[in-house]
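J.: Following is a predicted model, sequence given first.
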Amino acid sequence: MTASKSTPAVAADHERIAESVSGTLAERNTVESLSAWQRLHRFFHANPTAAPAIVLLAAIAAFTLIVGDRFLSPFNLSLVLQQVTIIGTLGVAQTLIILTMGIDLSVGAIMVLCTVVMGRMAVDFGLPPFGALLLGLGAGALCGAINGSLVTRVKLPPFIVTLGTWNIFFALNLWYSKSETIRSQDIESAAPLLQWTGHAIDVFGARLTYGSLLMLGLFGLIWFALNWTAWGRHVYATGDDKDAAELAGIRTRRVLQSIYVLAGLICGLAAWLMIGRIGSVSPQVGFMSNLDSITAVVIGGTSLFGGRGSIFGTLIGALIVGIFRNGLALAGVDVLWQQFTVGLLIIVAVAIDQWIRRVSA
């Protein structure tokens, strides 16, 4: 009796097993039937930083052949890292916003405004250096909060919002600074802490500035936050499909607001690195860095359509720009053609992104 009653259940189990095996075989046959081009397509879609990493390695190899051993010298490579420190830091802020299908044209203006706040508070008002630094970081966070409120509460497009605030922050910068530069000697005597990020240490022939080390630490911290915290998963979900994220219970407005505030805070950090890099505070230097930050993000493989990308891809993108400019300069190429090459890289990167987004069947 027991055997006869269990026969239908056993048959059902056998049927489910057969369906599972047939499904697995069908999937395997589908994968095996893909062409090499389709497999490459799927690989780049699953690994967004692979393409920029290949470009970086190819550029290093090419310039080593063209320029010679001096290109690969530790001093020259550390110089490239110093040159991309500011753009890489702003690129972190830009990446967070682009991951949510936005864009921030005001990061450069926020950074310059923060440098002026730090410099004037320390030199003109005699505030302790650490207090001036904190006020500068706070000014950056406040600017980011303004951008975020206009995007999340007033529901204006990020492009229009940040285009407007770019002009507003730059005008405030000129007004507050009175278009005057704070000299390096004045900062050194009143607030040497603001120039600390420009100091360097020698490591096996390379000169690594504290600013470059802070930038690398920032990349590591944001990578951890995006990949190992609930907040990071919410960022990707919001950028991939905001409506679906809201249906899943994610408070997308709060996520977006936190991203813009954090981006503004990172711009404040970039301001500290900028003072250390040039030694002085100038209201005219760096306000167009927003374009360079977007360049690093796009070349690094982060999709302009949101939801896909890696923070380390931005670091690779910044290094690609730095490697190309440095290598072409050592090869004696005119600055005009250096800019031409960077523009061409942007177009190629966007074209590759469009191709990768079309997942093969």
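T.: Sure thing, it's come through. Keep in mind the model is a prediction, meaning the values are calculated, not measured.

J.: all contacts plus neighbour counts: C-alpha atoms, from now on.
T.: Noted.

J.: which stretches of the stretch 151-300 of the chain have low pLDDT?
T.: Along the stretch 151-300 of the chain, no part satisfies pLDDT under 70.

J.: quick one: contacts for the residue nearest to Trp196 when sequence neighbours are not counted?
T.: In space, Trp196 comes closest to Gly276 once its chain neighbours are excluded; the distance is 6.0 Å by Cα to Cα, 6 or more residues apart in numbering. Applying Cα atoms under 8 Å, 6 or more residues apart in numbering, we find Gly276 in contact with Leu194, Gln195, Trp196, Thr197, Gly198, His199, Gly211.

J.: mind redoing it with 7 Å?
T.: Contacts for Gly276 (Cα atoms under 7 Å, 6 or more residues apart in numbering) come out as Leu194, Gln195, Trp196, Thr197, Gly198.

J.: list the buried ones in the strand or helix carrying it?
T.: Counting by DSSP states H and E, the secondary-structure element that holds Gly276 is helix 252-278. Under the neighbour-count criterion of 16 or more other Cα atoms under 10 Å, helix 252-278 has 252-253, 255-277 buried.

J.: circling back: next one: the residue nearest to Trp196 relative to Ser73, how far apart?
T.: Taking Cα to Cα, to the nearest Å as the measure, Gly276 and Ser73 are separated by 24 Å.

J.: Over to Phe305?
T.: Shown here: Phe305 relative to Ser73, a distance of 38 Å by Cα to Cα.

J.: Please apply the same query to Pro283.
T.: For Pro283, the distance to Ser73 under the criterion Cα to Cα works out to 34 Å.

J.: Please enumerate the strands of the stretch 51-200 of the chain.
T.: 200-203 (DSSP state E, counting those that start in this stretch).

J.: just the helices in it please.
T.: The residue ranges that make up the helices of the stretch 51-200 of the chain, judged by DSSP state H, counting those that start in this stretch, are 74-83, 85-99, 107-123, 129-152, 158-177, 184-190.

J.: Mind giving me the packing neighbours of the fourth one?
T.: Contact here means 3 or more Cα pairs under 7 Å, 6 or more residues apart in numbering; DSSP states H and E; on that basis helix 129-152 packs against helix 107-123, helix 158-177, helix 252-278.

J.: what does the third one give?
T.: Packed against helix 107-123 by the contact rule (3+ Cα pairs under 7 Å, 6+ apart) you find helix 129-152, helix 158-177, helix 184-190, helix 252-278, helix 289-299.
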